[in-house]
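Asks: Got a sequence here, can you build the structure:
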Amino acid sequence: MATTVPSTTHFADGGHLSRFSSRHGRLSHAYLADRLRGAKTYDRIAGYFRSSIFELVGEELEGIGRIRIVANADLDIEDVEAAQKVRDAKLFQRFVEDDVIVDATVHRGRYAKLYELLSSGRVEVRVVPRTVAPFLHGKAGVITGAEGGAVAFMGSINETRAAWAHNYELVWEDSSQEGVEWVQAEFDELWERGKPLPDAIISEVGRLASRREVEIVEFAGDAEAVAPAALAETPIYRDGESLQPWQRAFVAQFLSHRETYGKARILLADEVGVGKTLSLAASALLSVLLDDGPTLILVPSTLTEQWQIELLDRLAMPTARWHSTRKCWIDADGRAIKGAGAPDVARCPYAIGIVSTGLIFQGIDRHGEPKAGSEAEHLLRQKFGMVILDEAHKARGAEPMGSDHRSPNNLLKFITRIATRTQHMLLSSATPIQTGEEDLWDLLRALNQDAEFVLGTAFSPWQRPADVIPFLKGDKQVTSLREGWQLLTNPLPPIGDDDLLADIRDALDLKPGEWSTTKFPSDLGNPVIEAKAEIELTARPGGHGYFQRDNPLLRHVVLRKRRDLERLGLLPALPVDIHPSLDAASPSHLFDKLSLYTSDAFDTAYQAVGRFTRAYARRDKPAGFMKTLLLQRLCSSHAAAIATAKALMGEGQLDDEVQEELDRDVFDAQTEERRHLRDIVAALDGVDDPKLKAVRYFLDEHYSTNLTWREMGSIVFSQYYDTALWTAEALSTAYPEQVIALYAGTGKSKLLVGGVGTSVERPQIKKLVAHREVKLVVATDAACEGLNLQALGTLINVDLPWNPSRLEQRIGRIKRFGQTRERVDMANLTYAGTIDETVYRVLSQRLKVSSDIFGTMPETIEAEWIEDLEELEQRLREYTVPRKRFDPFEDRYSTDLLEDDGWARVSAVLARLDIERRLSIGWPTPRGRGPN
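Replies: Presented below is the predicted three-dimensional model:
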């Protein structure tokens, strides 16, 4: 090996300047190792933080008392100056966004050494954003020797193997006092402006050092270990997030039910915007991996694609969704898998299939039987490992006028039947009580099918809400063991850590899996146990009765409230300012108070819609749905109205939701109907849409914190792809120099520059937004769940879905950890004098009194879109809960969320290819008929 011969210049007042070149020898050996050997301190201005930063100097660092590294991170100043949790997530995302798993596999020893150094406390790393110091060439360091003498060095070199050992590099060393002080001052300034390396990155380095891929058979008998092994490296891990603590807690509860009861029966009633989809999806993934059988997910037709996208983008779960009109499965890449029509709904090509609840409604006849040849009939022939129903409140009963008998609707009939053909059933609804407590019991009774540990046998008092609600509310107390015996033993709770339940089971000789008994307290045969049970059931610690603190609802209904998660610091309490506002003037040429003026063209089309629906009403089928269909799309945009009118005339394809409601393959417009549809198109075609002027006003002329919304970054939402595409193209033409992203469903996402679009994948848009290279995004609801827009601070709703949970989902894209603004802005665009404006007002003002069963949970979450969001939420709480009351759900489900579950440090993980292979195993061919 060649010897490095430095060129040295000596200073008259002491010190020297030496110049080193890697052309004369490896700098790692001839320079760095020699200088660090026996050093006292080492301060280094490095390049980007990577695991290779210490790869060659491990032995020489052992004896150094203090090592400080200031490294560059590809972050904006807004990211670094944000709250610590925000900054840490951003830094973690940057650390893992390269193929760090492959790097850790190749350089396992280096990762182990780096973890040892970082966790020892002797090595500190701080990072500064690229806007403070890009570090392209200005790398330097100060090394202080054991005797106190110091040298400074500068050069183009990074702390990497390639840089020190292989690259052509130059290093200048300056030992003069002036030179050392100058470099030290540069380091000290950057050190002060830097932020500490997150503990999560240090932990991740250690995890990667011992990471190994395992087969699922290694977890035999330990189902709980499968969860982190399968989920720790999903795509949200690379987003710096991972599953949230309450989502992981739900997965743990699913596994606990699976172990305790042999099957899971849970109603997930978390409030809107808390993230129920990922909780359910992660549970479905584990059910498949544990060989429980195929999974059926039932969701409204408008959400089938959204579910498929979110499961793929967030958890890397390939699924198939059933296309209701084409009668075939659509895979995660948007490809149709041709088959034999409706019977194929029971033969999904993937382990997890997503089907529209609209088909279920249509597939049940008036006698409650599945229609011959319908999807409902074929699904009831299949056996499942898990069935998930989203928006479960739509499965409900009703009491016809003059009748005391509650009659279930078609969806509830179907769910009740299929419950007997599945091992696990998970229901999801933020609003399980719509009109009264019986709505909730409809769902609980469905869960109880073939699973009497939920509500007990037909003789159980828990089957009759009127009998038990007084105990749940605390209005009635148990006064004796005899009075509370049936409440306690039908169903009997699992033992857990409860000695009393264990004693009762032993005394009555109840076997595992027996959840009720016909025996009496006198059959206990042990006066000590009787006395213990009497005291336990009649005691009121804190003034709360036994069945307020423990009951079937608490065991099988999971509820977490946003305010509790905010209080624990798990969700941000970000105020949202709503625009237009009566407190601030809006442009009089655009707005009539809070709504947009309509144009003559719009008014003409609006009247044509009325004439069309009146003509359609003369048919047998009610015209209400068709009127809603057209008015919602007209109030969205001219583009959406034109596309829908043309589709109804046979000049385009109707979406699944419309086809399901019409219950036919093709809509055949009659002559008069067709004339009115043509009037809609003629009125709007080629006419400027006022919505675009409003969007541009908020982007360019409406200021917040001295910046326009476009400068801060904005997302524009629509529930319709036609509107989103039109908006993106119009904005791209208006702002030809700006990159605009269209974030939509499978195969529909684009980047547009100067009106020219280029197809891209959704993850690419997410990365560009996170790096602030794209600051204007147009998105559809179908894709919104996979998109985290904390880099943006404003939101414009071009249209408003008549579903409050959709609004909550939209604002949840920017109201989350990672948001660097202290307040965020949202504009809602409605047309004055339209039904759209009326619906918006009704939803905004609808304050519902909370059910006492759920403490502070509103029956609907619809009152959050006027004035300041946080202020209105507080008013809602005060209105619905005028006094502080005991909240058993908070006590049970929110108290342990801050405990470390160890997921972030799991080193034994399932190989991604193995997971995908299991998820790609289709449903077996069903045998026999479903239940009668």
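
Asks: how much space between the most centrally placed residue in the chain and residue 284?
Replies: Taking C-alpha atoms, centre = their mean, the centroid of the chain lies closest to residue 275, which sits 4.8 Å from it. Distance of residue 275 to residue 284, given as C-beta to C-beta, to the nearest Å: 15 Å. (Each C-beta comes from the backbone N, C-alpha and C, glycine too.)

Asks: Skipping adjacent residues, who's closest to residue 91 in space?
Replies: Leaving aside its sequence neighbours, residue 91 sits nearest to residue 198 (C-beta to C-beta, 6 or more residues apart in numbering; 5.4 Å).

Asks: My read is that that neighbour contacts residue 94, right?
Replies: No: between residue 198 and residue 94 there is no contact under C-beta atoms under 8 Å: 10.6 Å.

Asks: among the helices and strands of the protein, which one scores worst on average pLDDT?
Replies: Scoring the helices and strands of the chain by mean pLDDT, DSSP states H and E places helix 869-880 at the bottom, with a mean of 40.

Asks: mind saving the C-alpha coords of stretch 420-427 as CSV?
Replies: This file holds the C-alpha atoms of stretch 420-427, laid out as CSV (Å, rounded to 0.1, in the frame of the first residue of the first chain):
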residue,chain,number,x,y,z
THR,A,420,-72.9,-18.6,11.8
ARG,A,421,-70.5,-19.2,8.8
THR,A,422,-67.5,-17.3,10.1
GLN,A,423,-65.0,-17.8,12.9
HIS,A,424,-64.6,-14.1,13.5
MET,A,425,-66.9,-11.1,13.0
LEU,A,426,-65.8,-7.5,13.3
LEU,A,427,-68.3,-4.7,13.0
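
Asks: circling back: ok, then the element right after the least confident helix or strand of the chain?
Replies: Downstream of helix 869-880, the first helix or strand assigned by DSSP states H and E is helix 888-893.

Asks: Just the residues contacting the helix or strand following that following helix, thanks.
Replies: Sequence order places strand 908-910 as the next helix or strand after helix 888-893, per DSSP H and E. Strand 908-910 has contacts (C-beta atoms under 8 Å, 6 or more residues apart in numbering) with 211-216, 218, 225-226, 229-230, 232-233, 289.

Asks: Stretch 695-712 too?
Replies: Residues contacting stretch 695-712 (C-beta under 8 Å, 6+ apart): 577, 579, 587, 590, 714, 716, 727, 731, 734-735, 738, 775-776, 792-794, 796, 798, 821, 823, 825, 827, 829.

Asks: how distant is it from the center of its chain?
Replies: The chain centre lies 28 Å from the centre of stretch 695-712; the measure is C-alpha atoms, centre = their mean, to the nearest Å.

Asks: What of stretch 901-911?
Replies: Centroid separation between stretch 901-911 and its chain, computed with C-alpha atoms, centre = their mean, is 20 Å.

Asks: Which positions within it qualify as buried?
Replies: Under the neighbour-count criterion of 16 or more other C-beta atoms under 10 Å, stretch 901-911 has 901, 903-904, 906, 909-910 buried.

Asks: May I have the distance across that stretch, first residue to last?
Replies: 21 Å (C-alpha to C-alpha, to the nearest Å).

Asks: same question for that stretch, mean pLDDT?
Replies: Mean pLDDT, stretch 901-911: 86.

Asks: same thing with stretch 828-837?
Replies: On average, the pLDDT along stretch 828-837 is 87.

Asks: Any chance you could list what contacts that stretch?
Replies: Stretch 828-837 is contacted from outside by 578-579, 592-598, 602, 606, 631-632, 635, 690-691, 694-695, 796-800, 840, 865, using C-beta under 8 Å, 6+ apart.

Asks: For PyMOL, write a command that selects the buried ones of the residues you listed.
Replies: In PyMOL, this line selects whichever of those come out buried by 16+ other C-beta under 10 Å:
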select buried, resi 578+579+594+595+596+598+602+606+631+632+635+690+691+694+695+796+797+798+799+800+840+865
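
Asks: Among the contacts of stretch 828-837, which lie within strands?
Replies: Using DSSP state E, 578-579, 592, 595-596, 796-797 are the members of these that sit in strands.

Asks: Kindly present those as CSV, with separate columns for pLDDT and distance to residue 611.
Replies: Putting the ones in strands among the contacts of stretch 828-837 into CSV (pLDDT from 0 to 100; distance: C-beta to C-beta, whole Å) gives the following:
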residue, pLDDT, distance to residue 611
578, 81, 35
579, 86, 34
592, 88, 25
595, 90, 24
596, 92, 23
796, 92, 32
797, 90, 29
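
Asks: and which of these is nearest to residue 356?
Replies: The closest of those to residue 356 turns out to be residue 797 (C-beta to C-beta; 24.8 Å).

Asks: so that closest one touches residue 717, yeah?
Replies: Yes: judged on C-beta under 8 Å, residue 797 makes contact with residue 717 at a distance of 5.2 Å.

Asks: For the closest residue to residue 653 other than its chain neighbours, which three-state class applies?
Replies: Among residues not flanking residue 653 along the chain, residue 647 sits closest, at 6.1 Å (C-beta to C-beta, 6+ apart). When classified by DSSP: H, G, I helix; E, B strand; the rest coil, residue 647 comes out as helix.

Asks: pretty sure residue 647 contacts residue 640?
Replies: No: with contact defined as C-beta under 8 Å, residue 647 and residue 640 do not form a contacting pair (10.5 Å).

Asks: Comparing these two, which residue is more hemmed in?
Replies: A count of neighbours by other C-beta atoms under 10 Å puts residue 640 above the other of residue 647 and residue 640, at 26 against 18.

Asks: Which pLDDT value goes with that one?
Replies: On the pLDDT scale, residue 640 gets 92.

Asks: ok, now residue 807?
Replies: 61.

Asks: and what of residue 398?
Replies: Predicted confidence (pLDDT) for residue 398: 82.

Asks: Need phi/psi at the residue nearest to it when sequence neighbours are not counted.
Replies: Closest residue to residue 398 apart from its sequence neighbours, by C-beta to C-beta, 6+ apart: residue 407 at 6.0 Å. When quoted as degrees, to the nearest 10, the phi and psi of residue 407 stand at phi -110, psi 120.

Asks: which strands and helices sit next to the strand or helix carrying residue 111?
Replies: For residue 111, the host element (DSSP H and E) is helix 108-120. Counting contacts by 3 or more C-beta pairs under 8 Å, 6 or more residues apart in numbering; DSSP states H and E, helix 108-120 packs against helix 58-61, helix 199-209.

Asks: any chance of those in CSV, with distance to residue 88 too?
Replies: CSV is the format used below for the helices and strands packed on helix 108-120 (distance: least, C-beta to C-beta, whole Å):
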stretch, distance to residue 88
helix 58-61, 25
helix 199-209, 6
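
Asks: Reformat the ones you listed as a markdown table; add distance to residue 444, mean pLDDT and mean neighbour count.
Replies: Converted to a markdown table, these look like this (distance: least, C-beta to C-beta, whole Å; pLDDT from 0 to 100; neighbours: other C-beta atoms under 10 Å):
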| stretch | distance to residue 444 | mean pLDDT | mean neighbour count |
| --- | --- | --- | --- |
| helix 58-61 | 60 | 62 | 16 |
| helix 199-209 | 40 | 87 | 19 |
